[in-house]
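Peer 1: No sequence on hand, only this structure:
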């Protein structure tokens, strides 16, 4: 069955790139509604933006949705990952600014808020997208691919010059609440030199050592260091889950990312849906729904981070 929130949940904070404060409210929605954003600070014109892959304006640093009227909302990947990982299929996300609050740089606050309010079953089967044949996107030594599987599997490989990150690889089957347990508390990371470059270009203005893990060579500059030895690759998997949810519903497939990012995942989704016979919409049977992210959640398994 589809799920929505039992009641509204509110979040507020600054955006990572613009540094401007915003209030975001997740509201319940009817079965079949899907995930939509609404810019409440826009008084004239169309302020609604569907959370789907073909509304993405591709950027290297975050995922940004833009509607036909030019109204946008940025850095949506962490809230989309939380919705996917908590099994929320229908929601209206009202936000009074152009960027989702960064919180601590992970999805943990969103997960806590959603699970504290709870989700409500709806009398409609889940619409999912079943991958039928392999599809790949690649560029400049990075790639993303997806192939058939009976649930959602994510594996990812990263390789950074900075020894504090280095080479990391991880694979997870996303059923049985694994997102909440394994990925939801993993934070955005970056190199100090990249932060300096971004700020020179007017980006990452809301970034601090409290909402991103910053490294320099062998050092982790963020107090307390990493939450996991492989937190960096876990965060890339978190991003991938959020970006894949822009298919318009859960995906049944095995995703592999190799040094890829938001733009590459979006290219993969576009290629998947443009390739004849590569994917089909299905109404999930109870057995298929049980294999989706968001099933088998246990509140006690939310990571206990400060």
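Peer 2: Thanks, I have it. Bear in mind the structure is a predicted one, so any value in this text is a computation, not a measurement.

Peer 1: Please name the residues that touch residue 88.
Peer 2: Contact analysis of residue 88 by C-beta atoms under 8 Å, 6 or more residues apart in numbering lists 3, 4, 5, 35, 114, 119, 294. C-beta coordinates here come from the backbone N, C-alpha and C atoms, glycine included.

Peer 1: how about a cut-off of 7 Å?
Peer 2: Taking C-beta atoms under 7 Å, 6 or more residues apart in numbering as the criterion, residue 88 is in contact with 3, 4, 5, 114, 119.

Peer 1: How about residue 47: what's its closest non-neighbour residue?
Peer 2: residue 39 (4.4 Å; C-beta to C-beta, 6 or more residues apart in numbering).

Peer 1: what's the answer for residue 247, then?
Peer 2: residue 129 (5.0 Å).

Peer 1: and if you look at residue 228?
Peer 2: residue 234 (5.9 Å).

Peer 1: Quick one: residues contacting that neighbour.
Peer 2: 170, 182, 183, 186, 228.

Peer 1: ditto for residue 97
Peer 2: Residue 97 sits in contact with 15, 20, 22, 41, where contact means C-beta under 7 Å, 6+ apart.

Peer 1: buried residues in stretch 178-195?
Peer 2: Neighbour counts over stretch 178-195 (16 or more other C-beta atoms under 10 Å) mark 178-191, 195 as buried.

Peer 1: Phi, psi for residue 80 please.
Peer 2: Phi and psi for residue 80, reported as degrees, to the nearest 10, are phi -70, psi -40.

Peer 1: How many neighbouring residues does the nearest residue to it once chain neighbours are set aside have?
Peer 2: Spatial nearest neighbour of residue 80, excluding adjacent residues (C-beta to C-beta, 6+ apart): residue 242 at 3.7 Å. Counted with other C-beta atoms under 10 Å, residues neighbouring residue 242 total 24.

Peer 1: Next, residue 242: secondary structure please.
Peer 2: On the three-state scheme (DSSP: H, G, I helix; E, B strand; the rest coil), residue 242 is labelled helix.

Peer 1: Hmm, it is touching residue 81, no?
Peer 2: Yes - if you go by C-beta atoms under 7 Å, residue 242 and residue 81 touch, sitting 3.4 Å apart.

Peer 1: what domains does the record give for this structure?
Peer 2: Taking automatic domain parsing as the reference, the chain has its domains at 2-122, 127-301.

Peer 1: Just the terminal-to-terminal distance for the first one.
Peer 2: By that I understand domain 2-122. In domain 2-122, first residue to last residue: 5 Å (C-alpha to C-alpha, to the nearest Å).

Peer 1: Now do that domain: distance to the chain's middle.
Peer 2: 10 Å (C-alpha atoms, centre = their mean, to the nearest Å).

Peer 1: And stretch 267-275, by the same measure?
Peer 2: The answer for stretch 267-275 is 18 Å, by C-alpha atoms, centre = their mean.

Peer 1: in it, what counts as buried?
Peer 2: Residues 267, 268, 269, 270, 271, 272, 273 are the ones in stretch 267-275 that count as buried (16+ other C-beta under 10 Å).

Peer 1: Which members of those occur in helices, if any?
Peer 2: The helices, defined by DSSP state H, take in 267, 268, 269, 270, 271, 272, 273 from the buried residues of stretch 267-275.

Peer 1: and which of the residues you listed is nearest residue 133?
Peer 2: residue 272 (9.6 Å; C-beta to C-beta).

Peer 1: hang on, isn't that closest one packed against residue 279?
Peer 2: Yes - between residue 272 and residue 279 there is a contact at 5.2 Å, judged by C-beta under 7 Å.

Peer 1: picking that back up, output the ones in helices among the buried residues of stretch 267-275 as JSON lines; include the columns distance to residue 56.
Peer 2: Shown next, in JSON lines, are those (distance: C-beta to C-beta, whole Å):
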{"residue": "267", "distance to residue 56": "10"}
{"residue": "268", "distance to residue 56": "12"}
{"residue": "269", "distance to residue 56": "8"}
{"residue": "270", "distance to residue 56": "9"}
{"residue": "271", "distance to residue 56": "13"}
{"residue": "272", "distance to residue 56": "14"}
{"residue": "273", "distance to residue 56": "12"}
